[in-house]
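> Just the structure for this:
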Amino acid sequence: MHKIEQRAMTIRRRNQKRRAIGPAWAAWIAILLIAMAACSKKQQEGSNKERTIGDWQPVAPLLTARYVHRSIVLNDSLVLVIGGDGEKDRLARCEIYDLKRNRWQEIDSLHTARRSFSLTRLNDGRLLVVGGMGRKGRLTSAEIFDPKTMTWQPAGNLRFKRVSHTATRLPDGRVLIVGGRGDARESRSCEMFDPKTGRWREVAAMKYARGAHTASLLLDGRVLVTGGYDDLGENQNTCEIYDPQTDTWAEASPMFTARDGHQAVTLADGRIMVIGGVGKNRYATMCEIYDPAAGRWHQSAELNQGRDGHRAILMPGGWILVTGGFFNGQFLDACEIFDPQKQQWLPAAPLPKPRSGHDAVLLPDGRVMVTGGGLDTHVLDNCDIFRISPQRNTNTP
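Now for the predicted structure:
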């Protein structure tokens, strides 16, 4: 009891001292604590900034804000941006960015406004645009852009309407179109375009219907198709390989994680890494690498941030930059970069503005250019260029 009384007396004395300090002193102490917290936060932000890799440089904005568009490098100094959705309408407009002049110029428009289409560079340098969503629904039409004349010409029609499909250029120059969503559901069907004849023909169908999947050309000329969602809207981990020599599909080892809306990057040694996307009721953070020689997947490093609607670009030296995207109702400015030496994802400098549904291309000098995208209910015209910090040697990671 004596100890309890002593403890009570000590507490009463402390309370009396606190009351003696008075309101003025309490206010000064509160101000001091707030200042210390702000200073600590500023130091922390500075420390975090120092720990991120690379930096972003804003460049001239697009002439027309857009998202779910496509972009491609034409030559050493020009980047072409095609279609997509604008603030109020689906776009046929196209524009070219001049890296040397930091200037955009509008050029010949698509014959048909479209979004979520495929874009493929043909062996002769022309560009093939296929399908997508038009102003009145899903499309069968295709168009070819000639960089020499800067004009678009019709390139026939698919047999089936499709959006969120994939297009892969084969070693012989033909282009394989796989899956996607038609008028009612995801498709198993596949078609082939021959640039030499300008004709389309149907080829062997996949075992599984899928959309929002990826397709990657393997070193032996076959095509690996991964994941996506099926005709019931369910994410899947199934994978298939197409052999153009025999016009047949074969089931491949499934991924560990079912996902759609992911990105696939072909590594220098021919292996395929899949990154992000939406899994079963969650955003996938675990990345996986497919080894064609072994015919197996193995788990790779986890992303720091799950995301969908992002872009992943292989940079010189084996670095992989992942930009923006969408997570649980939030548009992301967060970026990360895969260090091939450490085999882990590291924080990269954040985008100047959060976005999803943007596009990204690797520039001839090794930098990455991001264009447009969506943020909440707005469509962006912002364009930014990323470079790895100068002190980092991108050729020898």
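
> list the contacts for Tyr229?
Going by Cβ atoms under 8 Å, 6 or more residues apart in numbering, Tyr229 touches 186, 210-212, 235-236, 260. All C-beta spots, glycine's among them, are computed from the backbone N, C-alpha and C.

> who wins for most neighbours among those residues?
Arg210 (29 neighbours; other Cβ atoms under 10 Å).

> phi, psi of Arg70?
Per-residue torsions, Arg70: phi -130, psi 150 (degrees, to the nearest 10).

> tell me the pLDDT at it?
As predicted, Arg70 sits at a pLDDT of 98.

> what about the closest residue to it other than its chain neighbours, which helix or strand?
Distances taken as Cβ to Cβ, 6 or more residues apart in numbering place Leu119 nearest to Arg70, at 4.2 Å, with adjacent residues excluded. Assigned by DSSP states H and E, Leu119 falls within strand 118-121.

> Using CSV, list the CA coordinates for stretch 318-337.
Extracted in CSV, the C-alpha atoms of stretch 318-337 (Å, rounded to 0.1, in the frame of the first residue of the first chain):
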residue,chain,number,x,y,z
GLY,A,318,18.7,-5.4,-68.5
TRP,A,319,16.9,-2.9,-66.3
ILE,A,320,13.1,-3.0,-66.5
LEU,A,321,11.1,0.2,-65.8
VAL,A,322,7.5,-0.1,-64.6
THR,A,323,5.5,3.1,-64.7
GLY,A,324,2.2,4.2,-63.1
GLY,A,325,-1.0,2.2,-63.3
PHE,A,326,-4.0,1.7,-61.1
PHE,A,327,-4.4,0.1,-57.7
ASN,A,328,-7.6,-0.2,-55.6
GLY,A,329,-9.2,3.0,-56.9
GLN,A,330,-6.0,5.0,-56.9
PHE,A,331,-4.1,6.3,-59.9
LEU,A,332,-0.4,5.8,-59.4
ASP,A,333,2.6,8.0,-59.9
ALA,A,334,4.8,5.3,-58.3
CYS,A,335,7.4,3.7,-60.6
GLU,A,336,9.9,1.0,-59.9
ILE,A,337,12.9,-0.5,-61.7
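
> picking up where we left off before, TSV please, covering the contacts of Tyr229 and showing pLDDT and distance to Asn304.
Shown next, in TSV, are these (pLDDT from 0 to 100; distance: Cβ to Cβ, whole Å):
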residue	pLDDT	distance to Asn304
Glu186	91	31
Arg210	96	28
Gly211	96	28
Ala212	96	23
Asn235	94	22
Gln236	96	25
Asp260	97	21
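
> Now flag whichever of those residues is closest to Gly131.
Relative to Gly131, the closest of these is Gly211; by Cβ to Cβ it sits at 11.3 Å.

> Could you pull up the contacting residues of that closest one?
Counting by Cβ under 8 Å, 6+ apart, the residues that Gly211 touches are 163-165, 179-181, 186-187, 228-229, 260.

> Just those: which are in strands?
Of the contacts of Gly211, none are assigned to strands by DSSP state E.

> So which elements touch the strand holding Leu119?
strand 70-73, strand 127-130, strand 166-169 (3 or more Cβ pairs under 8 Å, 6 or more residues apart in numbering; DSSP states H and E).

> so where's the stretch 1-150 of the chain shaky on pLDDT?
1-50 (pLDDT under 70).

> Mind jotting down where the helices sit in it?
Listed in chain order, the helices of the stretch 1-150 of the chain (DSSP state H, counting those that start in this stretch) span 2-51.

> tell me the most buried of the helices and strands packed on strand 118-121?
strand 127-130 (a mean of 24; mean count of other Cβ atoms under 10 Å).

> Mind putting the contacts of Tyr229 into JSON lines with distance to Thr52?
Formatted as JSON lines, the contacts of Tyr229 follow (distance: Cβ to Cβ, whole Å):
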{"residue": "Glu186", "distance to Thr52": "38"}
{"residue": "Arg210", "distance to Thr52": "36"}
{"residue": "Gly211", "distance to Thr52": "35"}
{"residue": "Ala212", "distance to Thr52": "30"}
{"residue": "Asn235", "distance to Thr52": "31"}
{"residue": "Gln236", "distance to Thr52": "35"}
{"residue": "Asp260", "distance to Thr52": "29"}
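
> Just the ones in helices from the residues you listed, please.
Using DSSP state H, no member of the contacts of Tyr229 sits in helices.
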